[in-house]
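Q: pasting the structure only:
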Ligand SMILES: Nc1ncnc2c1ncn2[C@@H]1O[C@H](COP(=O)(O)OP(=O)(O)OP(=O)(O)O)[C@@H](O)[C@H]1O
């Protein structure tokens with residue numbers, strides 16, 4: 001038996017997801033490290049997307065990627081059978097989309113009726129465009145931070161919803177000239193403080209793990225994960241709001257508070273400029289570091305979706321990255337152009353199942369036993 005201690009996907013049925021018209025993946029025998037190979041546009045990322053849709057109910061690709069449902073079809077269906085840790089029975093997650101509406105069910109119960117903390121599968125994605133995550137809009141990084149905080153501090157979900165509500169009211173008051181803005185200040189400051197407290201507590205542990213992992217990568221020498229809480233350090237948020245009121249009224253929006261928080265990677269408080277390959281390593285390490293914190297709080301490992309993680313890495317960096325990924329006891333889905341090369345075939349990241357995707361069709365639709373020699377000859 002493998003060393004998996006987290007939930008594992010056992011079977012995956014996909015109907016009409018982008019170019020995957022009908023795919024059935026059987027992972028019941030070997031299921032720890034699943035390698036998906038295939039040419040550009042074959043459908044590897046779409047397969048990872050299917051697992052992500054099951055777990056999170058939405059895609060990681062933006063609207064630019066177009067419709068999820070295969071052109072000319074009306075309905076997308078994804079069904080995953082999985083086994084939770086310490087469970088002797090299987091659970092079934094279903095994602096369905098028809099038209100613009102989607103629905104998820106967990107063992108036949110619509111997921112909307114379960115608290116988000118009870119989401120049965122957690123996935124971690126290291127995908128396309130890590131630079132956008134690290135250098136683009138802060139919303140993306142805040143999303144990453146809060147998703148991770150949320151799984152140790154479930155209260156964060158309610159606090160964030162309350163903050164959104166108060167912020168909307170406060171912004172509406174600003175747009176009406178500001179006469180009633182102060183009505184919302186106390187609640188806004190209080191929620192910002194509570195959310196920041198939870199973020200900071202998680203961040204301290206996350207940062208420590210990130211620094212340990214970063215030690216293995218020379219380009220990250222002296223780099224750190226730092227937090228911007230959304231208003232200047234050593235300042236009182238209420239004071240900042242009061243002093244900035246005329247600018248807020250002019251812009252019609254709240255300019256300081258927890259909704260403006262951000263995390264960055266860099267030295268001495270300045271974000272580092274990273275190449276595409278380096279950015280991918282950093283995103284991997286951030287996810288690994290968060291996973292370590294989660295494991296310390298007793299959470300089971302997430303499923304990992306790794307999309308072409310080492311495509312732009314030199315061999316030494318790729319080998320080091322596979323080595324740290326190999327320590328994971330999670331189920332890994334690894335998409336790559338080919339099975340060839342370095343670290344992936346060494347020791348603990350050695351795949352135990354491999355599928356080749358060609359024009360949306362999976363071959364072979366069965367488990368294969370891989371040895372390093374066979375791996376590089378496929
Ligand atoms: N709604 C749709 N209907 C049919 N095909 C679609 C639809 N949306 C996207 N596609 C096609 O599905 C394929 C998806 O490819 P995907 O991104 O999964 O490829 P990949 O194997 O990960 O390639 P790469 O290695 O280049 O990342 C593309 O060829 C795309 O044109």
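A: Sure, I can see it. Keep in mind the model is a prediction, meaning the values are calculated, not measured.
Q: how about stretch 237-255: buried residues?
A: 237-238, 240-241, 245, 248-249, 254-255 (16 or more other C-beta atoms under 10 Å). Using the backbone N, CA and C atoms, a C-beta is placed for each residue, glycine as well.
Q: which other residues reach that stretch?
A: 167, 170-171, 174-175, 177-178, 181, 185-186, 188-189, 192-193, 231-232, 256-257 (C-beta atoms under 8 Å, 6 or more residues apart in numbering).
Q: before we move on, back to that, restricted to helices, list the buried residues of stretch 237-255.
A: 237-238, 240-241, 245, 248-249 (DSSP state H).
Q: Can you tell me which of these is nearest the ligand?
A: Among these, residue 248 lies closest to the ligand (C-beta to the nearest ligand atom), at 42.2 Å.
Q: Can you turn the buried part of the contacts of stretch 237-255 into a ChimeraX selection?
A: The buried residues among the contacts of stretch 237-255 can be selected in ChimeraX (16+ other C-beta under 10 Å) with this line:
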select :167,170,171,174,178,181,185,188,189,192,231,256,257
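Q: wait, which of the ones in helices among the buried residues of stretch 237-255 is closest to residue 73?
A: residue 248 (48.0 Å; C-beta to C-beta).
Q: Widest-spaced pair of the buried residues of stretch 237-255?
A: 237 and 249 (17.6 Å).
Q: Now residue 81. Its backbone dihedrals?
A: Dihedral pair for residue 81: phi -100, psi 130, per degrees, to the nearest 10.
Q: dump the residue contacts of it.
A: Here residue 81 is in contact with 9-12, 90-92 (C-beta under 8 Å, 6+ apart).
Q: so what strands line up beside the one helix or strand residue 103 maps to?
A: Element membership of residue 103 [criterion: DSSP states H and E] is strand 101-106. Paired neighbours of strand 101-106 in the sheet (DSSP bridges): strand 90-98 (antiparallel), strand 109-110 (antiparallel).
Q: next helix or strand past the shortest one?
A: Looking back up the chat, that one is strand 109-110. Next element after strand 109-110 (DSSP H and E): strand 123-126.
Q: residue ranges with poor pLDDT in this structure?
A: 1-5, 113-119, 340-349, 364-378 (pLDDT under 70).
Q: Residue 163 reaches residue 184, doesn't it?
A: No. Judged on C-beta atoms under 8 Å, residue 163 makes no contact with residue 184 at a distance of 10.9 Å.
Q: Could you chop this structure up by domain?
A: The record's domain parsing of the chain by the TED database lists 1-122+300-367, 143-274.
Q: Switch those domains over to a markdown table; also include distance to the ligand.
A: Converted to a markdown table, the domains of the chain look like this (distance: least, C-beta to the nearest ligand atom, whole Å):
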| stretch | distance to the ligand |
| --- | --- |
| domain 1-122+300-367 | 3 |
| domain 143-274 | 21 |
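Q: thinking again about what came up before, hey, which of the strands paired with strand 101-106 is tucked in deepest?
A: strand 90-98 (a mean of 18; mean count of other C-beta atoms under 10 Å).
Q: Tell me the gap between that strand and the middle of its chain.
A: 19 Å (C-alpha atoms, centre = their mean, to the nearest Å).
Q: do stretch 264-273 as well
A: Mean-position distance between stretch 264-273 and its chain equals 21 Å (C-alpha atoms, centre = their mean).
Q: how about it: buried residues?
A: Neighbour-count burial for stretch 264-273 [16+ other C-beta under 10 Å]: 264-266, 272.
Q: Max pairwise distance over these: which two?
A: Taking C-beta to C-beta, no two of the buried residues of stretch 264-273 sit farther apart than 264 and 272, at 8.3 Å.
Q: Just the strands from the stretch 201-350 of the chain, written as ranges.
A: 224-228, 262-267, 270-271, 303-307, 332-336 (DSSP state E, counting those that start in this stretch).
Q: Provide the strand pairings for the shortest one, with the direction of each partner.
A: What that stands for is strand 270-271. Counting by DSSP bridges, strand 270-271 is paired with strand 262-267 (antiparallel).
Q: now what about the strand it pairs with, what contacts it?
A: 134, 138, 141-142, 144-145, 203, 222-228, 230, 271-272, 274, 282, 286.
Q: if we can go back for a sec, among the buried residues of stretch 264-273, find me the one that's closest to residue 48.
A: Of these, the one sitting nearest to residue 48 (C-beta to C-beta) turns out to be residue 265, at 24.0 Å.
Q: my guess is residue 9 contacts residue 31, does it?
A: Yes. Look at residue 9 against residue 31 with C-beta under 8 Å: they come within range, at 7.0 Å.
Q: Next, show the common contact partners of the two.
A: residue 331.
Q: First-to-last residue distance for stretch 234-249?
A: 24 Å (C-alpha to C-alpha, to the nearest Å).
Q: next one: that stretch to chain centre, how far?
A: Using C-alpha atoms, centre = their mean, the offset of stretch 234-249 from its chain centre is 34 Å.
Q: what do you get for stretch 202-222?
A: 18 Å.
Q: Name the residues that touch it?
A: 145, 148-149, 152-153, 223-227, 263, 267, 274, 278, 281-282, 285-286, 288-290, 292-293, 296, 317, 320, 323-324.
Q: That one: which residues count as buried?
A: 202-203, 205-207, 209-210, 213-214, 217, 220.
Q: likewise stretch 141-154?
A: 141-142, 144-146, 148-153.
Q: Check the offset of the one helix or strand residue 36 maps to from the chain's centre.
A: Taking DSSP H and E as the criterion, residue 36 maps to strand 33-37. Relative to its chain's centre, strand 33-37 lies at 19 Å (C-alpha atoms, centre = their mean).
Q: Kind regards, and thank you for your time.
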